[in-house]
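Q: Predicted coordinates and the sequence they were generated for:
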Amino acid sequence: MQTAGASLKQRAIRTLAGQAHRPRGIAGRAVGWMFAHRPSNRRRNVWAVSLLDVRPTDRVLEIGFGPGVAIAALAARATRGHVFGVDHSQVMVRQAARRNAAAVRARRVHLAHASVERMPGFGDPLDAVLAVNSVGMWPDPVERLRELRRLLRPAGRIALVSQPRCPGATRDTTVRAARELRELLTEAGFVSLRVETLGLDPPVACVLARSPGGTPS
């Protein structure tokens, strides 16, 4: 028979998992604070941004930006460009906007409350796209990636990052996640795929690719 304590623990785990997917309310604000201040999260996001090789004039999009840690790192590199972000949590939009308030006021950072399947327009083609631990939540991820490929300039860059957070995740879990991301990107028409790994616990995989055409710069 399940004890009351075990039942409460399971409900707490389910609540936390739901908040991680779409933070909301007071609990969502707490989850956002945790995401922003956990050292491994910060290291993972800054590392992923470094792999995208963002230039000062680049136009970059992050999907599922959470509390805006990677948005800040992108804006620090795209100093004369534009950083766009979409997230389906209003709580995360507010937290990210506060974290990047100066860049938002300067109109270098543009944050939208939107889902990946109903994104706003971004004007000119994008140079790079980043998504950290969010692809697994997308409906029809191959179609979403095809849409992103069309938004990128020829030879534009994309980075999909996965650090498995399921109970008992290991290096093998990360290897499988990277393989799945590679398959999605290949099916969506991306080229020049490569995988980089960050040695956290569990490890982080970043799968990088380019849209077809053009000359990589």
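A: Noted; the coordinates are in hand.
Q: Hmm, residue 159 is touching residue 205, no?
A: No. Applying Cβ atoms under 8 Å as the test, residue 159 and residue 205 come out as separate, 10.5 Å apart. Heads up, the C-betas are built off the backbone N, CA and C, glycines and all.
Q: which one of those two has more residues nearby?
A: residue 205 (25 against 22; other Cβ atoms under 10 Å).
Q: residues contacting the spatially closest residue to that one that is not a sequence neighbour?
A: Closest residue in space to residue 205, ignoring its immediate chain neighbours: residue 178 at 3.7 Å, by Cβ to Cβ, 6 or more residues apart in numbering. Counting by Cβ atoms under 8 Å, 6 or more residues apart in numbering, residue 178 touches 162, 195, 197, 205, 207.
Q: Surely the fourth one is within a strand?
A: Same thing as residue 205. Yes. With DSSP: H, G, I helix; E, B strand; the rest coil as the criterion, residue 205 is assigned to a strand.
Q: so which helix or strand takes in residue 148?
A: Using DSSP states H and E, residue 148 maps to helix 141-151.
Q: can you give me the mean pLDDT across whichever helix or strand comes after that helix?
A: Sequence order places strand 152-162 as the next helix or strand after helix 141-151, per DSSP H and E. The average pLDDT for strand 152-162 rounds to 97.
Q: And for strand 152-162, what's in contact with it?
A: With contacts defined as Cβ under 8 Å, 6+ apart, strand 152-162 is touched by 44, 48, 51-53, 125-133, 135-136, 145, 148-149, 174, 177-178, 181, 184-185, 190, 204-217.
Q: ok, now with 6 Å
A: Contacting residues not belonging to strand 152-162 are listed as 48, 51-52, 125-132, 135, 177, 181, 205-211, 213-214, 216 [Cβ atoms under 6 Å, 6 or more residues apart in numbering].
Q: Which of the residues you listed fall in helices?
A: 48, 51, 177, 181 (DSSP state H).
Q: For the residues you listed, work out which two are farthest apart.
A: By the measure Cβ to Cβ, 51 and 177 form the most distant pair in the ones in helices among the contacts of strand 152-162, at 16.2 Å.
Q: quick one: which of the two has more around it?
A: Per other Cβ under 10 Å, whichever of residue 51 and residue 177 has more neighbours is residue 177, with 25 against 17.
Q: I'd like to know how many residues surround the closest residue to that one other than its chain neighbours.
A: Spatial nearest neighbour of residue 177, excluding adjacent residues (Cβ to Cβ, 6+ apart): residue 162 at 4.1 Å. Close neighbours of residue 162, defined as other Cβ under 10 Å, add up to 25.
Q: got it, and residue 215?
A: Other residues close to residue 215 by other Cβ under 10 Å number 6.
Q: Equivalent analysis for residue 83, please.
A: 30.
Q: Let's see the pLDDT reported for it.
A: Residue 83 is assigned 98 on the pLDDT scale.
Q: Could you give the bridge partners of the residue lying closest to residue 132 once chain neighbours are set aside?
A: In space, residue 132 comes closest to residue 161 once its chain neighbours are excluded; the distance is 4.3 Å by Cβ to Cβ, 6+ apart. Beta-bridge pairing of residue 161, defined through DSSP bridges, involves residue 132, residue 206.
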